[in-house]
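Student: Fold the following.
(chains A and B)
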Amino acid sequence: MEDVVTDAPPPSRLSPDDLDNFATPPPQPTPILVVSPNPSAPAPRLLIVLISPTSLALLAHLPTPPPLHASLLLPDLSLLTHAPIRVYLHPSGALLAAAHSAVPAHRARAAARTLVSTLQPEEALVLDAVRSEAYRGRLAADEPVEGKLETRAARRQGGVGAARGVAALAPPGSVVDGLGAAVLADCEIRGKAASMVVTWPAGARPAEFGVMRRVAAELGVDPAKAAARVSGRAEMDALYT
Amino acid sequence: MEYAVVEGESFSPSCSTLIMPALSIGNVGQLAVDLLISSARAKRVAYLDEPSVLPCAGNDAFGPDAVGDLALALEAYESTYHRLAFIQQRSPVITGMAVSFAKNVADFISSIGKEHIIILSSLDSGRRRVIDASSNMQVYYLSSCKEDGSDPEYEKLGWKKLEEYDPTQPQWKCLDSLLAGDGLSEDMVGDSDEMTINDYYASLPFAALFSACKAKGLKVSCVLCYCSEGDNMPESFQLAEAACKLLGQGPEQFHGNGSNGWTIPLSWKSVYGPPPDMSIF
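Tutor: Residues are numbered from 1 along each chain as shown, chains lettered A, B, ... in the order given. Below is the predicted model of the structure:
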């Protein structure tokens, strides 16, 4: 039986570093967004941020690979073959920002701010995944869940693009963090319309979600062809080298 | 720190007292501020954009129904009826940026004309040196009233000054130096093996906020209680009631739906996740 007096206390919901004024901060150099020179390109109406594996699967099934418009570099990350976020120009004029690798939590705000302030979309749609540790509802492994969060500007117009018709994220108390939340927050601060739709399970086929089917239709993707989940970078790299 | 004021709202000069949490064990300060905002029916006045706070987003935290009102990591609320302002923080500060956060918050609070800051926070019961039968219910405080942190008015409330506070000790002087932007001199950098229990308190977020607000010339009070990690709602009620006592406002002055005058925030209904799956039985 554990000795409640002498045994170490259970872990806190906050880490020791969260509660230490004298901890050493990680390096946080300014992100670099390298944009392809195209003086005739107008400011995009829509920025779609693809974070969840389900949404990234759509990118891999576009009829033709869209040209690379910009790459976001985080100088503090170890040298990777590719930038963590690559932005592609869709024939519709929309920009597709694909998070090819995870953006560390402490860099999410800087990355989001760089994307939104440099690309200057009129509105944004973020496609992310539900994280079970921050979700207060019941999650079954095979039961699709989707919910949205959006800025005040997006609510006034009923939502951004394919997010119209998606119900608000429930139950209350569930939160989303990381790059998606950072993009949403930055758009709210700037007064832009932005909707974030989170889906579960993270690796489910796009065809299982209404929002993904609508996005697929707008991008010219056949949802049936996007049935195969693109899970590895090698598959993505083969399409966009 | 940047901020975006909600359309139709503004910071009110009549709300000169601001209550905010300091991150701590059990998230007690944050829970207490949730309770106060909900019960005071305070309105969101602004979203705050602070680079040192990790981003997060959620649905309406207060209700009565979660209809999609966006909740972000750092927000400002006001209740002109109660003449109170609030800052609610929902996610941690980036490691190592607590002092920067405290400085930015103090600068912001000063810029919007607030005069008295009340910081609600908790302390780890495992660090307590003296334990008696009433320890769990005892409220501790720090005040900018006197240099040693004491305040005769708070003593009358039955509160005890945090004995471990000594502004002449190295770690508290470290904080002051960092907040002043002076960096650390060699004699301030202590050997971690020689850190004392008093040094521990100086390392906590409430200490940075307290020192930053003092440095800005603001009147600041820390209201503290000891707790262990677990169901920390009782401690949040304790701190919220203590804040009311300090302000001379009782819970019955809030428009609560509970018998004790408090309105339970909507987000608390699922704080421990969904109910158990009864289909397994």
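Student: Check what pLDDT the residue in the stretch 51-200 of chain B that chain A sits nearest to gets.
Tutor: Nearest residue of the stretch 51-200 of chain B to chain A (Cβ to the nearest Cβ) works out as B:Gly96 at 2.9 Å. (C-beta placed from N, C-alpha, C; glycine too.) According to the per-residue confidence, B:Gly96 scores 93 in pLDDT.
Student: Find the closest residue to chain B in chain A.
Tutor: Nearest to chain B, among the residues of chain A, is A:Pro25, at 2.9 Å (Cβ to the nearest Cβ).
Student: Now that residue. Nearest residue, chain neighbours left out?
Tutor: If the residues on either side of it in the chain are set aside, A:Pro25 comes closest to B:Gly96, at 2.9 Å by Cβ to Cβ, 6 or more residues apart in numbering or on different chains.
Student: separation between the one you found and A:Asp76?
Tutor: B:Gly96 sits 14 Å away from A:Asp76 when distances are taken as Cβ to Cβ, to the nearest Å.
Student: Name the residue in these two with the higher neighbour count.
Tutor: B:Gly96 (18 against 15; other Cβ atoms under 10 Å in any protein chain shown).
Student: mind showing which ranges of chain B have poor pLDDT?
Tutor: Filtered on pLDDT under 70, chain B yields the residue ranges B:130-136, B:183-198, B:251-260, B:272-278, B:280.
Student: So which residue of it lies furthest out from the middle?
Tutor: B:Phe281 (42.5 Å; Cα atoms, centre = their mean).
Student: The residue nearest the centre of chain A: what's it in contact with?
Tutor: Centroid check for chain A by Cα atoms, centre = their mean gives A:Ile51 as the closest residue, at 3.3 Å. Residues counted as contacts of A:Ile51 (Cβ atoms under 8 Å, 6 or more residues apart in numbering or on different chains) are A:99, A:126-129, A:178-180.
Student: again, only this time at 6 Å
Tutor: A:99, A:128, A:179-180 (Cβ atoms under 6 Å, 6 or more residues apart in numbering or on different chains).
Student: As a check, name the ranges of all helices in chain A.
Tutor: With DSSP state H as the definition, chain A shows helices at residue ranges A:53-59, A:105-119, A:152-156, A:179-190, A:210-219, A:233-240.
Student: If you count neighbours, what's buried in the longest one?
Tutor: Under the neighbour-count criterion of 16 or more other Cβ atoms under 10 Å in any protein chain shown, helix A:105-119 has A:105-116, A:119 buried.
Student: Do you have the helices of chain B handy? List them.
Tutor: Remark: helices assigned in chain B by DSSP H are B:28-40, B:98-111, B:152-156, B:170-179, B:197-202, B:205-215, B:233-247.
Student: With mean neighbour count and distance to chain A added, can I get the ones you listed in CSV?
Tutor: Below are the helices of chain B laid out as CSV (neighbours: other Cβ atoms under 10 Å in any protein chain shown; distance: least, Cβ to the nearest Cβ, whole Å):
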stretch, mean neighbour count, distance to chain A
helix B:28-40, 27, 10
helix B:98-111, 22, 4
helix B:152-156, 13, 24
helix B:170-179, 20, 6
helix B:197-202, 18, 7
helix B:205-215, 26, 5
helix B:233-247, 21, 13
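Student: any chance of these in JSON lines, plus distance to A:Arg164?
Tutor: Shown next, in JSON lines, are the helices of chain B (distance: least, Cβ to Cβ, whole Å):
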{"stretch": "helix B:28-40", "distance to A:Arg164": "30"}
{"stretch": "helix B:98-111", "distance to A:Arg164": "36"}
{"stretch": "helix B:152-156", "distance to A:Arg164": "53"}
{"stretch": "helix B:170-179", "distance to A:Arg164": "47"}
{"stretch": "helix B:197-202", "distance to A:Arg164": "51"}
{"stretch": "helix B:205-215", "distance to A:Arg164": "41"}
{"stretch": "helix B:233-247", "distance to A:Arg164": "38"}
